[in-house]
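A.B. asks: sequence first, predicted coordinates after that:
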Amino acid sequence: MSRRQRWSGREARVDGAARTPGELAGARPGPAFEITVDGRALPALPGQTVAAALWAAGILAWRTTRAGGKPRGVFCGIGQCFDCLVTVNGVANRRACLVGVRPGDAIGTQEGEGRGELAV
Amino acid sequence: MTSTPDVIVVGAGIVGAACAHYAARAGLKVTVLDRGPVAGGTTGSGEGNLLVSDKAPGPELELALQSAELWRELAEQLPRGVEYEPKGGLVVASDEAALTALRTFAAAQEKAGVTVREVPADRLPHLEPHLAPGLAGGVHYPQDAQVMPALAAARLLRASGAELRPGQEVTGLLTGPGGAVRGVRTASGVLHAPYVVNAAGTWGGELARLAGVLLPVLPRRGFVLVTEPLPRVVRHKVYAADYVADVASDSAALQTSPVVEGTPAGPVLIGASRERVGFDRTLSVPALRRLAAGATALFPVLAGVRVIRTYAGFRPYLPDHLPAIGADPRVPGLLHACGHEGAGIGLAPVTGRIIAECLVGGQPPLDISPFDPARFEAGGGA
């Protein structure tokens, strides 16, 4: 049986009912709260990482590289690659895949090293 | 295996690379061996400082001044970037007493050919806007520069055209009649050549021992803190005036003095610690704490910056703090190019030039008698 067929079978079994990781895991998070991304309000759930909240809102890239200004978001998702760096409450270079969201967090997209204010 | 080389260089650090480069330029066929990879020893654990500012008038300063010029040439010749930055050094004094000592030191350096510019306290922020307030003053050394040492060694080796054999530890020296060098033995066989250059850095004493001669190279450990990548927050190589005293000291105990510099890649590098603890790589929290405290005292802005890693290296030092450069009078065909302590990156090109001249019977670019490799032999050198 090919990999594709196996996948088809599994999708058939769940029948489209479980569409999110939370549902697949049977998670029952507490009530949603609000965070902001570059000043725009977004919903987030307790226990989500910053990256998960951004992904859930359809945001896949939130910083640009130092050399070349290329867009970056989550790559490894487990804290090793440092690709998903983001500014959280004014602190640059936090790993979005590791930092948990809290109500009222101000997430900021960042350019380059995110410390442009220090440049001389 | 290719045909027999004219010279075997043992050590693929920056000094070995420079020896290979200048020897090849003099028309010699060179093979470079290293028990590890390129820049796997002290070269890969330094900051890449090319300094004249920390050297008192004397033989080492003469080497440094010539080498600074050679680095300028190399930076233009090397086909790809080695992050060479002629950014200058800034030495700062925290109080009047330190400033007076620094002035005296700089005046003597100026007589020896170093360009020095005194910077009064109120001008320091123009050179380094993030520098802590309240410093007594400083001296700017425009000839100081920086290079990315591992890249520089790799590019220099490639440009030399030398045959490179990493992962080949030398286990013995082959000698012929009269004790003259005939090559080296490695785990994978023998390699013949009429000349062998000891560019094994901190491990140069071990290679000398294989040749049956004394060269007391010992390790002097140092840690470097690496910050998260930043925009340019530190323009020069900036260090406190006490650094010069630490470099020249013979103490075995931990010494630290803040040395701070940015890099083209983004991270700020923070040194410098010195301690004589053998080849012990154990992380020393007291050393790191003192480095961080020293750096934030000099640049308070760094207190809000994360350190992302640290590494240790072993400076190869000889008892008189001068390198061993030149032919070994005790073993015909053996040359030494090691023991540069914390200045090996800076002094590599001039060392390579001296070695090349020795190999082809030419005239070294300066008096090399202070670097005689036999000077530590009981009863005096040859």
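C.D. replies: Thanks, I have the structure now.
A.B. asks: now do the SS call for the residue nearest the centre of chain A.
C.D. replies: Chain A has A:Ala51 as the residue nearest its centroid, 1.5 Å off, counting by Cα atoms, centre = their mean. Classification of A:Ala51 by DSSP: H, G, I helix; E, B strand; the rest coil places it in helix.
A.B. asks: how close does it get to chain B?
C.D. replies: 19 Å (Cβ to the nearest Cβ, to the nearest Å). The way it works is simple: take the backbone N, C-alpha and C, and place the C-beta from them, glycine included.
A.B. asks: where is the longest helix in chain B?
C.D. replies: Secondary structure assigned by DSSP state H gives helix B:59-77 as the longest helix of chain B.
A.B. asks: so what does that helix touch, helix or strand wise?
C.D. replies: strand B:49-50, strand B:145-146, helix B:149-160, helix B:344-360 (3 or more Cβ pairs under 8 Å, 6 or more residues apart in numbering or on different chains; DSSP states H and E).
A.B. asks: for the longest one, name the packing helices and strands.
C.D. replies: Counting by 3+ Cβ pairs under 8 Å, 6+ apart, the packing neighbours recorded for helix B:344-360 are helix B:14-25, strand B:49-50, helix B:59-77, strand B:324-327, strand B:334-338.
A.B. asks: could you redo the last one with a cut-off of 6 Å?
C.D. replies: Helix B:344-360 sits against helix B:14-25, helix B:59-77, strand B:324-327, strand B:334-338, with contacts defined as 3 or more Cβ pairs under 6 Å, 6 or more residues apart in numbering or on different chains; DSSP states H and E.
A.B. asks: what does the third one give?
C.D. replies: The criterion is 3+ Cβ pairs under 6 Å, 6+ apart, and the helices and strands that helix B:149-160 contacts are helix B:14-25.
A.B. asks: with only the CA atoms kept, save the helix it packs on in CSV.
C.D. replies: C-alpha atoms of helix B:14-25 as CSV (Å, rounded to 0.1, in the frame of the first residue of the first chain):
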residue,chain,number,x,y,z
ILE,B,14,46.3,30.2,10.7
VAL,B,15,50.1,30.0,11.2
GLY,B,16,50.4,26.8,9.2
ALA,B,17,48.2,28.3,6.5
ALA,B,18,50.5,31.4,6.3
CYS,B,19,53.6,29.2,6.2
ALA,B,20,52.1,27.2,3.4
HIS,B,21,51.0,30.3,1.5
TYR,B,22,54.4,32.1,1.6
ALA,B,23,56.4,28.9,1.0
ALA,B,24,54.2,28.1,-2.0
ARG,B,25,54.7,31.6,-3.3
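A.B. asks: measure how buried residue 49 is and give me the count.
C.D. replies: In the absence of a named chain, chain A is used. 20 (other Cβ atoms under 10 Å in any protein chain shown).
A.B. asks: chain B was what I was after
C.D. replies: Using other Cβ under 10 Å: B:Asn49 sits among 25 other residues.
A.B. asks: which ones are touching the residue in chain A positioned nearest to chain B?
C.D. replies: Residue of chain A nearest chain B, by Cβ to the nearest Cβ: A:Ala119 (3.6 Å). Taking Cβ atoms under 6 Å, 6 or more residues apart in numbering or on different chains, we find A:Ala119 in contact with B:Pro231, B:Arg232.
A.B. asks: for chain A, what spans make up the helices?
C.D. replies: With DSSP H as the criterion, chain A has helices spanning A:3-14, A:21-24, A:50-56.
A.B. asks: comparing those helices by mean pLDDT, which bottoms out?
C.D. replies: Lowest mean pLDDT within the helices of chain A: helix A:3-14, at a mean of 42.
A.B. asks: hmm, B:Thr296 is touching B:Leu302, no?
C.D. replies: Yes. B:Thr296 is within contact range of B:Leu302, at 5.0 Å (criterion: Cβ atoms under 6 Å).
A.B. asks: the two - which one has more neighbours?
C.D. replies: Taking other Cβ under 10 Å, B:Thr296 and B:Leu302 do not tie; B:Leu302 has more neighbours (24 against 18).
A.B. asks: surely B:Leu283 is in a strand?
C.D. replies: No. Counting by three-state DSSP, B:Leu283 is not found in a strand; it is coil.
A.B. asks: roughly how far does it sit from B:Ser273?
C.D. replies: 12 Å (Cβ to Cβ, to the nearest Å).
A.B. asks: ok, these two, which is more surrounded?
C.D. replies: Shown here are B:Leu283 and B:Ser273; by other Cβ under 10 Å, B:Ser273 has more neighbours (25 against 10).
A.B. asks: any idea how far the more buried one is from B:Val92?
C.D. replies: From B:Ser273 across to B:Val92, the span is 19 Å (Cβ to Cβ).
A.B. asks: in contact with the residue of the stretch 1-150 of chain B found nearest chain A, which residues are there?
C.D. replies: Closest contact between the stretch 1-150 of chain B and chain A, by Cβ to the nearest Cβ, is at B:Pro129 (4.5 Å). By Cβ under 6 Å, 6+ apart, the contact set of B:Pro129 is A:Val120.
A.B. asks: now B:Ala75
C.D. replies: Contacts of B:Ala75 by Cβ under 6 Å, 6+ apart are B:Tyr84.
A.B. asks: at 10 Å what do you get?
C.D. replies: With contacts defined as Cβ atoms under 10 Å, 6 or more residues apart in numbering or on different chains, the neighbours of B:Ala75 are B:Leu50, B:Gly81, B:Val82, B:Glu83, B:Tyr84, B:Glu85, B:Pro86, B:Ala145, B:Val147, B:Ala152.
A.B. asks: now chain A, which segments are flagged as low pLDDT?
C.D. replies: A:1-18 (pLDDT under 70).
A.B. asks: residues in chain A within reach of chain B, list them.
C.D. replies: A:66-67, A:82, A:85, A:91-94, A:112-120 (Cβ under 10 Å from any Cβ of the partner chain).
A.B. asks: ok, of the residues you listed, which come out buried?
C.D. replies: The neighbour-count test (16 or more other Cβ atoms under 10 Å in any protein chain shown) marks A:Arg66, A:Leu85, A:Ala92, A:Asn93, A:Arg94, A:Gly112, A:Glu113, A:Gly114, A:Arg115, A:Leu118 as buried among the residues of chain A next to chain B.
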